[in-house]
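Visitor: Structure for this input, please:
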Amino acid sequence: MSEYIHLHDRDTIAGFLQHDPLLHMYAIGDLDDFFWPRTGWYGLIDAGTLQELILTYDPGDLLVIHALTRRPDRMRRLLAAVTHLLPRHIYGHFSPGVADALAPAYTLESHGHYLKMALTDLIRLAAIDTSGTLPLTPADRSEIETLFAEAYPGNWFDPRMLETGQYYGKRLDGRLVCVAGIHVYAPSRRLAVLGNITTHPMARGHGIATAVTARLCHELRHTVDQIGLNVRADNQSAIAAYERLGFTRFAAYEEYDLRAAS
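Guide: Numbering: from 1, shown residues only. Got it, this is the predicted structure:
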């Protein structure tokens, strides 16, 4: 018989996530002390064994739920069981075929189909010229936010991430035109997830983002073993650029904005 519980033990959670670490890179990273206080975890227990897991992450404005699985039937059961515990407005990352388990209680607005990719070919990475790239710090926050407003409006940028030291960029004529950073950086778990990668429209088409992202990956390799990222499935130019860097595709998922049905 199945039961649904709110989990608090990091070792139990980590043991489950490590069975499929590439699929669950965000969740594994969120076990790190930097992220852990903002997380919540719901599990499906069957015959005393953890069978499925949902992560919720609260950045302070909109709760984000991660419901990623290789077994959609089990995840649908877990989502249905915890629906009443969720706030009226959430944003979700869902494996294909599971989001509609929330449809009776929420209106789902699709925000697209995405791919998860992981760095697997270090030879390709080593071939990228990273000259002219430079580290960014919290002192660069205003300039970074200006670039995002101009080149990547609506992106998910948590300024706290600058404190990790894992943001890099490039300037042309003294102006910041490209940035590449992380959404998750967990050296204690030996992994990182890239994010907030953009180039100003006036500087696109010259391989700048490829160079800056390569620099970021080289620096991350000093402290982590696994590097992943998410990319829209219809962004063929970005996918091709990541493949040139040595990333490969390994999973698909969907993003939705969900609001409680009236």
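Visitor: where exactly do the helices run in the protein?
Guide: Here the chain has its helices, by DSSP state H, at 10-17, 25-29, 72-82, 122-126, 141-151, 208-220, 236-245.
Visitor: ok, now which ones touch residue 53?
Guide: Neighbouring residues of residue 53 by C-beta atoms under 8 Å, 6 or more residues apart in numbering: 7, 13, 16, 17, 27, 41, 42, 43, 44, 78. All C-beta atoms are positioned from the backbone trio N, CA, C, and that covers glycine.
Visitor: which one among these gets closest to residue 214?
Guide: Nearest to residue 214 among these is residue 27, at 26.2 Å by C-beta to C-beta.
Visitor: which residues does that closest one contact?
Guide: Counting by C-beta under 8 Å, 6+ apart, residue 27 makes contact with 13, 17, 53, 55, 66, 68.
Visitor: do that again at 10 Å, thanks
Guide: Contact analysis of residue 27 by C-beta atoms under 10 Å, 6 or more residues apart in numbering lists 13-14, 16-17, 20-21, 35, 39, 41, 53-55, 57, 66, 68, 184.
Visitor: separation between the closest residue to it other than its chain neighbours and residue 68?
Guide: Once flanking residues are discounted, residue 27 sits nearest to residue 55: 4.6 Å by C-beta to C-beta, 6 or more residues apart in numbering. The spacing between residue 55 and residue 68, counted by C-beta to C-beta, to the nearest Å, is 8 Å.
Visitor: likewise residue 144?
Guide: Applying C-beta to C-beta, the value for residue 144 to residue 68 is 29 Å.
Visitor: before we move on, back to that, nearest to residue 178, of the helices of the chain?
Guide: Residue 178 lies closest to helix 208-220 among the helices of the chain, at 4.6 Å (C-beta to C-beta).
Visitor: and the closest one, what does it pack onto?
Guide: Applying 3 or more C-beta pairs under 10 Å, 6 or more residues apart in numbering; DSSP states H and E, one finds that helix 208-220 contacts helix 122-126, strand 134-135, strand 168-172, strand 175-186, strand 191-199, strand 226-232, helix 236-245.
Visitor: Distance from the chain centre to the third one, please.
Guide: The reference is to strand 168-172. 23 Å (C-alpha atoms, centre = their mean, to the nearest Å).
Visitor: Which strands or helices does that strand pack on?
Guide: Identification of packing neighbours for strand 168-172 by 3+ C-beta pairs under 10 Å, 6+ apart yields strand 134-135, helix 141-151, strand 175-186, strand 191-199, helix 208-220.
Visitor: and if you look at the shortest one?
Guide: When contacts are defined as 3+ C-beta pairs under 10 Å, 6+ apart, strand 134-135 packs onto strand 168-172, helix 208-220.
Visitor: In TSV, list the helices and strands packed on helix 208-220 along with distance to residue 3.
Guide: Converted to TSV, these look like this (distance: least, C-beta to C-beta, whole Å):
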stretch	distance to residue 3
helix 122-126	44
strand 134-135	48
strand 168-172	46
strand 175-186	29
strand 191-199	30
strand 226-232	31
helix 236-245	40
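Visitor: closest one to residue 255 among those?
Guide: Nearest to residue 255, of all the helices and strands packed on helix 208-220, is strand 226-232, at 8.8 Å by C-beta to C-beta.
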